Structure formats: structure tokens, C-alpha cells
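With the sequence up front, the predicted model follows.
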Amino acid sequence: MPDEITTPLASWGGVAAILSALGLGGVLTAIAQRPSRRNQLATAAKDEATGEAAVIASMATAFTGTTGALREEIERMQDMLNDLRQRVAEAEAELRAAAGREAVLERTISDQRAQLETAHNDVVRLRSERDAAIDKTIQQEGEIRQLKAVIEAQSRVGG
């Protein structure tokens, strides 16, 4: 018996026992090394979560970039709005100044029309006075001629 224990390969039973032990050990090793269903589900969930996290991270990055671009666009538009407000204020000031100049111009034109009317009336009056003076001069020249004629006639008659 001691020989059988020391040399298990000497008989078919020993070989079968060794092969059985090896097969059982391989099966047990395979079973032990095979991941459990729980581990597989956990790994799948972890992979899915990692993928979702990557998608969320890329969306957050894109959102951050878009938000930054929108902020820049908002700032540019606010600058443009402020510039337009300033231009409108300047245009309104220019319009008020132009309205003031127009009022001054209208007063000046009104004053000049009044002066022109006065000058026209003066010209009409002076023409009338001139015509009256010419008529008076013509009448006086006629009277002078008559007086000369009377003086000549008296000098011929009395003389």
C-alpha cells in the first residue's frame, strides 16, 4: 500500500483521480475567475455612467463655450446700444440747436420783412413827395413865367 500512495500514476484509478482532481480544479478555478453577474452589472452600470458623464461633461463644455460666446455677444450689443443711445442724444441735441437756429432765422426774416415794408412805404412816400415837389416846381415855374410876362408887359406899357 505504501507504493500506491507514493505513485498515483501506477494505476488507472490513480490517473483518473488525478485527472478528476485537475478537471475539478480547472472548473473551480474557472468558476472562481468568472466575474459574477452582479460584478458584470456593476461594471456595465459603471461604464454607462462613465459614458453618460462624458456626454454630460462634453455638453457642459459646449454649454460653457456657448454661454461665453453669448456673454461676449451681449456685451457687444450693449456697447452698440450705448453707442446708439449716445448718437440719439447727440442727434436730439443737434435737432434742438437747429430748431433754435430756425427760430432765430424766422425772427430775423420777420424783422427784415418789417424793415422792407417800412422801407417800401418810405419809398412810396418819398416818390409821392417828390412828385408833389415836381408838380409844385412846375407850377411855380409857370407862375414865374407869368410874372415875368406881366413884368415885361408892364415895362412895355409903362416904360
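Yes, it's here.

pLDDT below threshold where in the chain?
When residues are selected by pLDDT under 70, those of the chain lie in 1-37, 40, 159.

so where do the helices sit in it?
Using DSSP state H, the helices assigned to the chain run over residues 2-6, 12-33, 37-158.

Adding mean neighbour count, write the ones you listed out as CSV.
Where C-beta positions appear, they are placed from N, C-alpha and C, glycine not excepted. As requested, the helices of the chain are arranged in CSV below (neighbours: other CB atoms under 10 Å):
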stretch, mean neighbour count
helix 2-6, 8
helix 12-33, 10
helix 37-158, 10
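
And Glu129, how close does it get to Gly142?
Plainly put, Glu129 is 20 Å away from Gly142 if you go by CB to CB, to the nearest Å.

and if you look at Leu95?
With CB to CB as the criterion, Leu95 and Gly142 are 69 Å apart.

what does Gly65 give?
112 Å.

before we move on, what about Leu84?
Noted for Leu84: a distance of 84 Å to Gly142, by CB to CB.

Likewise for Glu75?
Glu75 sits at a distance of 98 Å from Gly142 (criterion: CB to CB).

Repeat that for Ala98.
Computed with CB to CB, the distance linking Ala98 and Gly142 is 64 Å.

Repeat that for Ala149.
Ala149 sits 10 Å away from Gly142 when distances are taken as CB to CB.

Ile134 now?
13 Å.

Ala44 now?
As for Ala44, its distance to Gly142 is 141 Å (criterion: CB to CB).

next one: Leu81
Taking CB to CB as the criterion, Leu81 is separated from Gly142 by 89 Å.

Next: Glu48.
Distance of Glu48 to Gly142, computed by CB to CB: 135 Å.

next one: Leu116
The separation that Leu116 has from Gly142, given CB to CB, amounts to 38 Å.

What of Ile74?
Counting by CB to CB - Ile74 and Gly142 are separated by 99 Å.

Please state the offset of stretch 133-147 from the chain centre?
Average the C-alpha atoms of stretch 133-147, do the same for its chain, and the two points are 86 Å apart (CA atoms, centre = their mean, to the nearest Å).
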